[in-house]
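Asks: here is my input; please provide its structure:
(one chain, ligands or ions: 1)
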Amino acid sequence: MKQSPEMQRIQETMTFGSLAAHGFLGHDTRNLTDIIRDDTLAVERLGLTHSAIADRMEYFTELASKRLGESVEIDGIYRVVCEEHKGKLPCPFADNVRVAKSMTTVINAENHLSMRWSALNVHMIRAHGFYEGLGARFRVDPKLTAKALGLKTS
Ligand SMILES: [Zn+2]
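Replies: Numbering: from 1, shown residues only. Got it, this is the predicted structure:
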């Protein structure tokens, strides 16, 4: 899909700008518009929404952040650790949003799936439907997320 000049600028910021070191796009060869569209379709096929996924991630981050750096058991199934670092990260979508540098890791003891995400991931999913490109260090795969975090899918 051809993308708007605005999305093109954001993609260039992600690729060449000050945030390039994050590697948001991984080795993905699709443009940003297509990456977001394909993940949005995947989320719809699961019967979920970006907000529902972001809410579930935030649920774990919030509970675990009360005991930073410690492994916390949540709902008898999940072992969760939240770590926070000094400073804030700007959202690459040029919306003036800056989020805390926090990292949450979850292990699901029932199905042994694990995943991790940053506060920026949660914001980008909720506000922009962006899960990062294939091969990105912090890509959040919608399907894996649904399974690892026990979201009810269709
Ligand atoms: Zn944003």
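Asks: and the spatially most central residue of the chain, what does it touch?
Replies: The residue lying closest to the centre of the chain (CA atoms, centre = their mean) is Asn121, at 3.0 Å. Residues in contact with Asn121 (CB atoms under 8 Å, 6 or more residues apart in numbering) are 57, 131-132, 138, 140. In short, each C-beta sits where N, CA and C put it, glycine included.
Asks: among those, name the buried ones.
Replies: For those, a burial check counting by 16 or more other CB atoms under 10 Å picks out 57, 131-132, 138, 140.
Asks: for the protein, what's the longest strand?
Replies: The longest strand of the chain (DSSP state E) is strand 78-90.
Asks: list the buried residues for that one?
Replies: For strand 78-90, the neighbour count (16+ other CB under 10 Å) marks 78, 80-82, 89 as buried.
Asks: what is the subsequent helix or strand relative to that strand?
Replies: The first helix or strand that comes after strand 78-90 along the chain, using DSSP states H and E, is strand 98-108.
Asks: tell me, how many neighbours does the residue lying closest to Leu46 once chain neighbours are set aside end up with?
Replies: Using CB to CB, 6 or more residues apart in numbering and skipping residues adjacent in sequence, the residue nearest Leu46 is Thr153, 4.3 Å away. Other residues near Thr153 number 12, with proximity taken as other CB atoms under 10 Å.
Asks: cheers, nothing more for now.
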